[in-house]
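>>> Model the structure of this input:
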Amino acid sequence: MLWSIDLNCDLGESFGAYTIGNDEEVIPYITSANIACGYHAGDPTVMHRSVLLCQKYGVQVGAHPGLPDLAGFGRRRMQIAPAEAADCVAYQVGALQAFCREAGVPLHHVKPHGALYNMAARDRPLADAICRAVQAAAPGAVLLALSGSEMVAAARAIGLPVACEVFADRGYRPDGALVPRGEPGSLIEDENQAIARVLRMVQEGAVPACDGTVIPLQADSVCVHGDQPKALRFVRRLRAALPAAGVALHPF
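Next comes the predicted model:
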């Protein structure tokens with residue numbers, strides 16, 4: 001049996017005088033990039049540079065809109081109405097589209113960031129609003145969303161193309177949600193374990209949850225985090241391990 005998978009990474013998260021991540025080193029090893037759009041991280045110069053890096057290496061460009069929370073890196077839950085969240089998404093997607101048009105590359109996908117991503121994974125009205133915003137602001141773009149989440153269901157309900165995302169280095173709860181950062185088991189730090197989990201997700205459509213139960217999922221794209229200290233070494237190892245196990249790398 002032949003398998004294929006997309007390898008995506010959250011990038012473009014530097015801003016002003018602050019450098020975050022290893023973008024130029026990581027990007028040659030991935031197939032899709034999620035570029036921060038200025039709310040949780042990133043700035044116009046970094047966004048422009050990130051799009052040009054994707055163009056250089058043939059990597060698909062995605063918008064990575066987050067909550068307006070630069071101080072908290074978009075990882076803090078906020079009380080936000082679905083309509084307001086939709087406006088935030090449309091605004092950020094539009095900003096990145098301007099740089100895509102200038103570079104002559106398509107905006108391939110949209111992946112919400114951090115707390116917005118996790119909130120919409122379980123909140124159907126919020127997921128519906130985000131999906132409508134993506135469909136209106138970026139016709140033809142694919143929504144990249146947590147496998148089994150309300151965002152996937154909301155996208156399918158309105159005919160928005162959607163790809164299901166899994167995580168190489170994050171723990172899962174028995175209900176399919178990610179273990180919140182800061183809680184035990186939220187991060188998989190052993191690289192061998194993370195690679196083995198990815199192969200199982202791709203080849204078997206399953207992953208062990210934090211309590212040991214096995215949960216089903218759909219793996220169209222695997223996320224690796226470029227802001228981790230060992231990100232470059234890990235993505236190199238994963239990029240080598242997937243083809244060795246019979247898994248082809250293709251954008252979703």
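
>>> Show me which positions of stretch 137-146 end up buried.
Across stretch 137-146, burial judged by 16 or more other CB atoms under 10 Å covers 137-138, 141-146. Just so you know, the C-beta spots here come from the backbone N, C-alpha and C atoms, and that holds for glycine as well.

>>> try stretch 237-252
In terms of neighbour count (16+ other CB under 10 Å), stretch 237-252 has its buried residues at 237-239, 241-242, 247, 249, 251-252.

>>> so which of the residues you listed comes closest to Val179?
Compare each of the buried residues of stretch 237-252 with Val179 using CB to CB and the shortest gap goes to Leu238, at 20.3 Å.

>>> so what's the closest one closest to, chain neighbours aside?
Counting by CB to CB, 6 or more residues apart in numbering, the nearest residue to Leu238 once its immediate chain neighbours are dropped is Ile195, at 5.8 Å.

>>> burial of the one you found, as a residue count?
Under the neighbour criterion other CB atoms under 10 Å, Ile195 is assigned a count of 19.

>>> Surely it is in contact with Arg239?
No. Proximity of Ile195 to Arg239 does not meet the contact threshold set by CB atoms under 8 Å, at 10.4 Å.

>>> ok so, going back, nearest to Pro112, of the buried residues of stretch 237-252?
The closest of the buried residues of stretch 237-252 to Pro112 turns out to be Phe252 (CB to CB; 16.1 Å).

>>> ranges for the helices of this structure?
Taking DSSP state H to define them, one finds helices in the chain at 23-26, 44-57, 82-103, 114-122, 124-137, 150-158, 191-204, 231-244.

>>> could you give the angle of the last one to helix 191-204?
Interaxial angle of helix 231-244 relative to helix 191-204 (axes from the mean of the first three to the mean of the last three CA atoms, to 10 degrees): 40 degrees.

>>> Output the contacting helices and strands for helix 231-244.
Using 3 or more CB pairs under 8 Å, 6 or more residues apart in numbering; DSSP states H and E as the contact definition, the elements that helix 231-244 packs against are strand 3-11, helix 23-26, helix 191-204, strand 221-225, strand 247-249.

>>> Can I get the ones you listed in CSV including distance to Ala155?
Formatted as CSV, the entries for the helices and strands packed on helix 231-244 read as follows, by distance: least, CB to CB, whole Å:
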stretch, distance to Ala155
strand 3-11, 16
helix 23-26, 27
helix 191-204, 20
strand 221-225, 14
strand 247-249, 24
